[in-house]
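Colleague: this is the structure alone, sequence omitted:
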């Protein structure tokens, strides 16, 4: 139990007749980088929202950082970080003001905010931009900043919902360096992505099709299992069978 | 508390940085309060009378002079026939046509009786009603003078013996501003409060930042309080500026205790901002929120008693007026500013507004969900 960060058992979410998440079962180890892959509309975001305490499941069980998603959603929220595909920093606040705000609402002390804020700016090499409005930063910088802010309170798990959408390959590489660093510090990363090269960076990958998890293993094992050379081909083989239309 | 501090810091930073928002909630009301009372005036002046005088006698001249001597009537035009006079009305160059018949003076002296003809353009109902009323009063007065001149000693005077003397309480000189400026202030504060509060949460929904807040341990009530408090403070500030403007520009000094007004306003704003937040929780886009807020603000204004008396509304209108927060504030404003009412006098309004505040805010907090 100690080294399991997330555990889901037959987790299901229905919206009326529509089964968005269909009895998925998986576990994520502490410190692991876990790839959550699937076509648009496969149910990734819904599953992630349940794990973050934003959505209540219809049936099944799940624990996040040891807390129950039904009863302890507020406890979960103290122990996770979250970065959504929709940009989540305030564009009319400066870089440092955003850092202060998010660090503050997670309960960091003034000294911690100051120290970790400086460290963060230094790591991203944007100390000179501390007083720049976030709205005027380039997209790649914004994404890296958003990630760093999402882990400023040193959560046990960070959920990343398509974090690199629209970002150039160089910045994507740098972004993944940040994820690795966080993972080295023991933070579990739960990442959804459309980029199969990114799936290769993950410790283990689950592929969702029509609300189900159709494959779940390390990238190397998945490629072996489907007798192909890349995650791209693994994904094609699985997604081809999908009945649901992408949204 | 610490969470609330960071939330408030963020809200104030965002508000103080938004030029358009600051304009609409601070500069806008100042301009409106300085200019609008001059324009939104129920006093009827400059009534244009077209005179068709067929008599050209001393009497007819006296009557016309008397009319134009009044400050309510602007210098009219003389026309030779009623038809020409009516044409002026059609062209919107006259509001009333007064026709003085041929032999007006002769008949008055000989028969002691004559008829005048007044035609009123009733498209603008208020102006028509008030205008013909004034004109009637002037003619009656003229009539009275004639009688006094012709009554002989011993002759029984038929002149009216009842004389009405009006006294206007609380506003002895019928100072229009004294009545209207406090009302307009109520209207402006209501508009600001309802719109700014209803837009606020929706804005975070629209740009997606509310998702991020919802995955943090921030409590619902902290989040809502942080949305309420800045507008509460700003509205108090705007009210203070409004009181200064009405003192300086319109010489309005409240008869009652100003702290009563502040006390009432502080609760009124909670009600109003609660209603705004409620709208916010039901809307997904700023457009929806504005449409809803606009609808309610318009209804609040119409039934508030600021522009029309509540007593003359139909029963359902009075009920609506009672459950609309704005009418309570409008009543209290006028009671305290004009009559010098005390806390005891305004207590029923206080109770009503507190109940409304509790309802709206509880509803808003319940309806703002962090989970689906």
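Modeller: Received it, and whenever you're ready, just let me know what you need. All values reported here derive from a predicted model rather than from experimental measurement.

Colleague: so which bits of chain A are right by chain B?
Modeller: With the criterion set to CB under 8 Å from any CB of the partner chain, chain A comes near chain B through A:49, A:52-56, A:73-74, A:77-78, A:80, A:82, A:84, A:86-93, A:97, A:100-102, A:104-107, A:159. Bear in mind the C-beta positions are built from the backbone N, C-alpha and C, glycine included.

Colleague: among those, which ones are in strands?
Modeller: The strands, defined by DSSP state E, take in A:80, A:82, A:159 from those.

Colleague: okay, and the residue in the stretch 1-150 of chain B that chain A sits nearest to sits in which element?
Modeller: Nearest residue of the stretch 1-150 of chain B to chain A (CB to the nearest CB) works out as residue B:6 at 3.2 Å. Assigned by DSSP states H and E, residue B:6 belongs to helix B:2-17.

Colleague: and the helix or strand just after that helix, what does it pack against?
Modeller: Toward the C-terminus, helix B:2-17 is succeeded by helix B:19-22 as the next helix or strand (DSSP H and E). With contacts taken as 3 or more CB pairs under 8 Å, 6 or more residues apart in numbering or on different chains; DSSP states H and E, helix B:19-22 sits against helix B:2-17.

Colleague: show me the domain layout of chain B.
Modeller: Following automatic domain parsing, chain B resolves into domains at B:2-40+B:176-367, B:47-150.

Colleague: how about low-confidence regions in chain A?
Modeller: A:1-2, A:244-247 (pLDDT under 70).

Colleague: run through the helices of it in chain order.
Modeller: For chain A, helices defined by DSSP state H occupy the ranges A:44-51, A:73-79, A:95-105, A:110-124, A:139-150, A:169-184, A:196-201, A:219-225, A:231-239.

Colleague: which strands or helices does the third one pack on?
Modeller: Helix A:95-105 makes packing contacts with helix A:110-124, helix A:139-150, helix B:2-17 when contacts are defined by 3+ CB pairs under 8 Å, 6+ apart.

Colleague: is the residue most central in space within chain B in a helix, a strand, or coil?
Modeller: Chain B has residue B:307 as the residue nearest its centroid, 3.8 Å off, counting by CA atoms, centre = their mean. Secondary structure, DSSP: H, G, I helix; E, B strand; the rest coil: residue B:307 is coil.

Colleague: pretty sure it contacts residue B:186?
Modeller: No - checked against CB atoms under 8 Å, the pair residue B:307 and residue B:186 is beyond contact range at 10.7 Å.

Colleague: so for residue B:157, what's the pLDDT?
Modeller: Note on residue B:157: pLDDT of 49.

Colleague: which of the helices and strands packed on helix A:95-105 sits closest to residue A:131?
Modeller: Across the helices and strands packed on helix A:95-105, residue A:131 has its closest neighbour in helix A:110-124 (10.7 Å, CB to CB).

Colleague: any idea which element the spatially closest residue to residue B:62 that is not a sequence neighbour lies in?
Modeller: Leaving aside its sequence neighbours, residue B:62 sits nearest to residue B:142 (CB to CB, 6 or more residues apart in numbering or on different chains; 7.2 Å). Assessed by DSSP H and E, residue B:142 sits inside helix B:125-150.

Colleague: any buried residues in that helix, and which?
Modeller: The neighbour-count check on helix B:125-150 (16 or more other CB atoms under 10 Å in any protein chain shown) flags B:127, B:128, B:130, B:131, B:132, B:134, B:135, B:138, B:139, B:142, B:143, B:146 as buried.

Colleague: contacts only, for the fourth one.
Modeller: Shown here is residue B:131, whose contacts under the criterion CB atoms under 8 Å, 6 or more residues apart in numbering or on different chains are B:44, B:47, B:72, B:95, B:96, B:120.

Colleague: pick the one among these closest to residue A:11.
Modeller: Using CB to CB, residue B:44 comes nearest to residue A:11 of the contacts of residue B:131, at 73.2 Å.
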